[in-house]
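[1] take this sequence and fold it.
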Amino acid sequence: MAKPFKTLDDMGDITGKVVLVREDLNVPMQGGSVSDDTRLRAAAPTILELADRGAKVCVLAHFGRPKGQKSPDLSLSLVSQALARVLGRQVQFIPDCAGQAAVDGVAVMRAGDIAILENTRFHAGEEKNDPALIDAMAAIGELYVNDAFSAAHRAHVSTEGLAHKLPAFAGRSMERELDALEVALGNPVKPVAAVVGGAKVSSKLDVLNHLVTLVDHLIIGGGMANTFLAARGVSVGKSLCEHDLADTARAILDTADKAGCIIHLPYDVVVSKEFAANPASLRTVNVHEVADDEMILDAGPAAAEAFGDALKTCKTLVWNGPLGAFEIEPFDAATVALARTAAALTKEGALVSVAGGGDTVAALNQAGVSGDFSFISTAGGAFLEWMEGKELPGVKALLV
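    Next up is the predicted model:
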């Protein structure tokens, strides 16, 4: 089936051509070294394929938030050695991404060479999508590849502007991401389940409002579940809860009802009087038995099993956010149990499972199942905006 965007397969002969490749190299650093190279490994397939096909590969990326000011602490030169290690190739560093220094740096590259260009956000025009900077950056290259889905919700020069100036293509990482999202919510096999967890309803209002019109089962966990329980008249004690959003929660429940979406909330919960690992006051109770001085910190085992039973009736799953305070044992139990159920169904071929967001990735790693899901997105904001049904500028610019 034809894709709505061009990929590297559509590029033709690129020998000797300068390809500007937007990657996400915004990696965590510790003591001047890269402490987690996940994003570098995600970038590798596209960079290596372009280099092997004889392109002059010029990697564009942002790093931190320099706000248009040059800062040695936020120079991408700090990342070039780590990228070279991941690629198993030499990586040159070019001290600018526009202007004469960039032109001069690219001029000495040979076919198959790889270079990182300096932090795009050292230019104030980057985040403003400034036409002058678009022209200056486009002047360096002949083709443009966007491989950074995690930055696709930003309309910046390097994520959106260049796609209108040069022939534009999706890189392999971007392609995988867009294919997975299409399978998950664009054109999913029904029934569809969504798991939405996290602390606050307010941060995921748009997600919830959008999903109830699309999915058949919506499992709500984390602090968000407490707000929905309170809206239904359940006393949640000292739990994290946005009581002022009770009317909003009830409106979402009504919308779901009209759309034929079943909302699942926990009917047993794990509570404690203090937020600490394995506290003495730990107990599992029915949601109607939470004492005034207790906090709900996880869904209970019966709820986790019921959520799992709902997944067994579905063909597609989208997951964003944990079911409890998963960072501290034993409040990770429900998240781990449901993640393992989803992973087992995926391995059987009964479920297509797509998950995304930082906390979600960490929780699935903790459950030891991240390799068993169909697709895991490392994008945070972009994944969330996609779940809200918003158009992502960086993706829209690639559509043919």
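[2] got phi/psi on the nearest residue to residue 375 once chain neighbours are set aside?
    Nearest residue to residue 375 in three dimensions, chain neighbours excluded: residue 180, at 3.7 Å (CB to CB, 6 or more residues apart in numbering). From N, CA and C alone the C-beta is placed, and that goes for glycine too. Note on residue 180: backbone dihedrals following degrees, to the nearest 10 are phi -70, psi -40.
[3] show me the contacts for residue 180.
    354, 374, 375, 377 (CB atoms under 8 Å, 6 or more residues apart in numbering).
[4] same thing but 10 Å
    By CB atoms under 10 Å, 6 or more residues apart in numbering, residue 180 lies in contact with 149, 186, 318, 352-356, 373-377.
[5] which of those residues lies closest to residue 2?
    residue 186 (14.5 Å; CB to CB).
[6] I figured residue 7 was touching residue 170, is that so?
    Yes: using CB atoms under 10 Å, residue 7 is in contact with residue 170, at 5.3 Å.
[7] looking at those two, which one has more neighbours?
    residue 170 (29 against 18; other CB atoms under 10 Å).
[8] still on that earlier bit, any shared contact partners between residue 7 and residue 170?
    In contact with both residue 7 and residue 170: 46, 145, 178, 179, 398, using CB under 10 Å, 6+ apart.
[9] hmm, residue 190 is touching residue 315, no?
    Yes: here residue 190 reaches residue 315: they are 6.3 Å apart, a contact under CB under 10 Å.
[10] what's the overlap in contacts for those two?
    Common neighbours of residue 190 and residue 315 (CB under 10 Å, 6+ apart) are residue 216.
[11] the more surrounded of these two?
    residue 315 (16 against 11).
[12] contacting residues around residue 59?
    Residue 59 neighbours (CB under 10 Å, 6+ apart): 19-23, 25, 43, 46-47, 50, 76, 79-80, 83, 91-92, 94, 97, 114-117, 145, 147.
[13] just the ones of those in helices?
    Applying DSSP state H to the contacts of residue 59, the entries found in helices are 43, 46, 47, 50, 79, 80, 83.
[14] and of those residues, the nearest to residue 247?
    Using CB to CB, the ones in helices among the contacts of residue 59 come closest to residue 247 at residue 43, 44.9 Å.
[15] among the shared contacts of residue 7 and residue 170, which two are most distant?
    The widest separation within these (CB to CB) is 16.2 Å, between 145 and 179.
[16] comparing these two, which residue is more hemmed in?
    residue 145 (35 against 15).
[17] report the beta-bridge partners for the residue lying closest to residue 302 once chain neighbours are set aside.
    In this structure, residue 302 finds its nearest non-sequential neighbour in residue 268, 4.5 Å apart by CB to CB, 6+ apart. Beta-bridge pairing of residue 268 under DSSP bridges involves residue 286.
[18] my guess is residue 268 contacts residue 299. True?
    Yes: counting by CB under 10 Å, residue 268 touches residue 299, with 7.6 Å between them.
[19] packing partners of the helix or strand bottoming out on mean pLDDT in the chain?
    Lowest by mean pLDDT, DSSP states H and E among the helices and strands of the chain is helix 358-366, with a mean of 87. With contacts defined as 3 or more CB pairs under 10 Å, 6 or more residues apart in numbering; DSSP states H and E, helix 358-366 has these neighbours: strand 316-320, helix 333-348, strand 352-356, strand 375-377, helix 381-387.
[20] before we move on, the earlier item: out of the ones in helices among the contacts of residue 59, which two sit at the greatest distance?
    Maximum distance among those (CB to CB): 18.2 Å, for 50 and 79.
[21] quick one on the thing from earlier: tell me which residues of the least confident helix or strand of the chain are tucked away?
    Across helix 358-366, burial judged by 16 or more other CB atoms under 10 Å covers 359, 360, 361, 363, 364, 366.
[22] do I have it right that the second one meets residue 322?
    Which is residue 360. Yes: the pair residue 360 / residue 322 is scored as a contact, 6.9 Å apart, by CB under 10 Å.
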